[in-house]
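Here is a sequence together with a model predicted from it:
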Number of protein chains: 4
Amino acid sequence: MVTDPQTACFEAGIKFGTLYHQFAGTPVSPDSARSLERAMAEAIENQPHCESVSVHILDDALDAELAGSTADYTELTGRFMEVEMEIDYEGVRVRTEMEMEDGYPLMKIVSVE
Amino acid sequence: MVTDPQTACFEAGIKFGTLYHQFAGTPVSPDSARSLERAMAEAIENQPHCESVSVHILDDALDAELAGSTADYTELTGRFMEVEMEIDYEGVRVRTEMEMEDGYPLMKIVSVE
Amino acid sequence: MVTDPQTACFEAGIKFGTLYHQFAGTPVSPDSARSLERAMAEAIENQPHCESVSVHILDDALDAELAGSTADYTELTGRFMEVEMEIDYEGVRVRTEMEMEDGYPLMKIVSVE
Amino acid sequence: MVTDPQTACFEAGIKFGTLYHQFAGTPVSPDSARSLERAMAEAIENQPHCESVSVHILDDALDAELAGSTADYTELTGRFMEVEMEIDYEGVRVRTEMEMEDGYPLMKIVSVE
């Protein structure tokens, strides 16, 4: 027996794994950050039960990384972004987010309603 | 309030999204299928709360694809594999699998215990 | 001994492999195609020696795929896009493109000047 | 006019971009490094004109990364691997390699024969 809230949380997890591993490694700079944020959000919103996705690439974190570098771009990874997502499965609303915690990108459920 | 079974299902979803979108697109042939299966399983087993992963690349489906082609490899996608996974989060065991259903790779929860 | 035109062609190949394998598998629909095109182009333009990238996602090909399907999105792959790229390495200009040929996405050099 | 050595170098670049961006971001630990090395090499060897690929995941670099961490795995990126590749296009042999230089993974042509 699997409940609707459990399935809703499973669906939320799929979207997070997809977003992260589809786009991690993408060449990114402050100049290209806005188009990448939008493409990531719109790509994941295609997936079933996905109500909304918001991706925020952290210009300050990119700038800090590039200041100590001879390159003018880097590879997208968890410490350069924050993500919020809402899933709706059979009327169950799951809100999730990803942000850095103790140096790691932590994906977590904010609420199940 | 998020329950342990809900979090366990979220974690299971993350692993599935990761596995699929990290490896989809990989050049694959019957000759390289065994090493890819193993690498996919061992990579995902690194992730937190992931007890076991089994990836089965379907040689018959690969052969059928390549029979109608001038190439001797293709790109990995859902119709060429079946996956089973067990997640253990705070004592909650979630079993999941992915297989084709109506022409789509369907990721689903088999049981939550 | 490696010549500048040879290195320019090597650099062009790197960009093509990057573009294809970073973004293949991305969930895509006619509604999200424009943002994905732009993000792909801007991401690759970050890479060294890359003058310009143009990505055209083929709405007709997407529509045809989705017409025979119960889903309203698919995974990005070579038959849904055309790509043009210009590389400039030490004054050598390489123009490349990718388009379908005999059912395969063919990446090729158009000119080296 | 594009010469065979130029096309051989273009093909070599494609393989490098593919290898890097297909597998960057993969969860990796010393325990899973061997299966990933093998899968990466065999996957890329499927591609046209690719004679041989050797991937060496650097256990020392992984150990150093994980020593300063509470996690027991990380994401694959350029500083954790060295790669050598041989391409043969119409009798032209191109040898390439990737290794770290000044903090960046540098892909380069070793020889064209």
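Yep, it's here.

what's around the nearest residue to A:Val110 once chain neighbours are set aside, how many residues?
Spatial nearest neighbour of A:Val110, excluding adjacent residues (C-beta to C-beta, 6 or more residues apart in numbering or on different chains): A:Arg95 at 4.3 Å. From N, CA and C alone the C-beta is placed, and that goes for glycine too. Residues near A:Arg95, counting by other C-beta atoms under 10 Å in any protein chain shown, number 17.

Now A:Asn27: closest residue in space, sequence neighbours ignored.
In this structure residue A:27 is Pro, not Asn. For A:Pro27, the closest residue by C-beta to C-beta, 6+ apart turns out to be C:Asn46, at 4.1 Å.

Which positions in chain A make contact with chain C?
A:18, A:22-23, A:25-29, A:31-32, A:35-36, A:38-40, A:42-47, A:72-73 (C-beta under 8 Å from any C-beta of the partner chain).

Among these, name the buried ones.
A:18, A:22-23, A:25-29, A:32, A:35-36, A:38-40, A:42-47, A:73 (16 or more other C-beta atoms under 10 Å in any protein chain shown).

From the centre of chain A outward, give me the first residue you hit.
Centrality entry for chain A: nearest residue to the mean C-alpha point is A:Val83, 3.8 Å, by C-alpha atoms, centre = their mean.

hey, what's that one bridged with?
In this entry, A:Val83 is beta-bridged to A:Val55, A:Met98, by DSSP bridges.

Verify the stated contact: it with A:Leu19.
Yes: using C-beta atoms under 8 Å, A:Val83 makes contact with A:Leu19 at a distance of 6.4 Å.

Can you check which residues contact both of the two?
Contact criterion C-beta atoms under 8 Å, 6 or more residues apart in numbering or on different chains; residues shared by A:Val83 and A:Leu19: A:53, A:55.

ok, and A:Val53, which helix or strand is that part of?
A:Val53 is part of strand A:50-57, with elements assigned from DSSP states H and E.

elements contacting that strand?
Judged by 3 or more C-beta pairs under 8 Å, 6 or more residues apart in numbering or on different chains; DSSP states H and E, strand A:50-57 is in contact with helix A:4-23, helix A:33-45, strand A:81-89.

Try it again at 10 Å.
helix A:4-23, helix A:33-45, strand A:81-89, strand A:92-101 (3 or more C-beta pairs under 10 Å, 6 or more residues apart in numbering or on different chains; DSSP states H and E).

got the buried residues for it?
Those buried within strand A:50-57 under the rule 16+ other C-beta under 10 Å are A:50, A:53, A:55, A:57.

shaky segments in chain A?
Along chain A, no part satisfies pLDDT under 70.

if you set the cut-off to 90 instead, what comes out?
Applying pLDDT under 90 to chain A flags the ranges A:1, A:68-71, A:100-105.

For the closest residue in space to A:Glu75 that isn't next to it in sequence, give its distance to A:Arg93.
Spatially, and ignoring its direct neighbours in sequence, A:Glu75 is nearest to A:Gly25 (5.1 Å; C-beta to C-beta, 6+ apart). For A:Gly25, the distance to A:Arg93 (C-beta to C-beta, to the nearest Å) stands at 31 Å.
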